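Undergrad: model the structure of this input:
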Amino acid sequence: MTETAPSVQAELDRLRGSIDNIDAAVVHMLAERFKATQQVGLLKARNQLPPADPAREARQIARLRSLAESAKLDPAFAEKLLNFIVAEVIRHHERIADGSATDN
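TA: Residues are numbered from 1 along each chain as shown. All right, here's what the predicted structure looks like:
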């Protein structure tokens, strides 16, 4: 392994600290999102609504792709991320609907 100049190491540490803070914020935002979607799942279950809403999901994908473009983020990546999140939300909603959901 090569020796890293102190100024380079300091800049790496600064940047990595920012990344760590952003990662923490992302985790907390996802937790908040899942709290809200859990409430949606409970409401859907109480009213015998289906766990998935394909029309809503399509609107969200279009919206997120547009936001990603504005933010200079790859829209395909943003769509993949949202699809992953939505799949997990639907799984939670299905568990709520069949009564097997826990508090997590």
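Undergrad: my read is that Glu69 contacts Glu79, right?
TA: No. Counting by CB atoms under 8 Å, Glu79 is not a contact partner of Glu69; they are 11.2 Å apart. Placement of C-beta: from N, CA and C, glycine included.
Undergrad: overlap in contacts of these two?
TA: Applying CB atoms under 8 Å, 6 or more residues apart in numbering, one finds that no residue jointly contacts Glu69 and Glu79.
Undergrad: those two - which one has more neighbours?
TA: When Glu69 and Glu79 are compared on other CB atoms under 10 Å, the one with more neighbours turns out to be Glu79, at 16 against 12.
Undergrad: which residues are in contact with the more buried one?
TA: For Glu79, the residues meeting the contact criterion (CB under 8 Å, 6+ apart) are 61, 64-65, 68.
Undergrad: of the residues you listed, closest to Ile85?
TA: Using CB to CB, the shortest approach to Ile85 within the contacts of Glu79 belongs to Leu64, at 9.8 Å.
Undergrad: now do the closest one, the pLDDT please.
TA: The predicted structure scores Leu64 at 96 on the pLDDT scale.
Undergrad: any idea how far Asp98 is from it?
TA: According to CB to CB, to the nearest Å, Leu64 stands 29 Å off from Asp98.
Undergrad: more neighbours: which of those two?
TA: For Leu64 versus Asp98, neighbours defined as other CB under 10 Å are more numerous around Leu64 (18 against 10).
Undergrad: ok, now which ones touch the more buried one?
TA: When contacts are counted by CB under 8 Å, 6+ apart, Leu64 is found next to 75, 78-79, 82.
Undergrad: give me that answer again for 6 Å
TA: For Leu64, the set of contacting residues under the criterion of CB atoms under 6 Å, 6 or more residues apart in numbering consists of 78, 82.
Undergrad: check which residues of the host helix or strand of it are buried.
TA: In this structure, Leu64 sits in helix 54-70 according to DSSP states H and E. Taking 16 or more other CB atoms under 10 Å as the basis for neighbour counts, the residues of helix 54-70 that come out buried are 57, 60-61, 64-65, 68.
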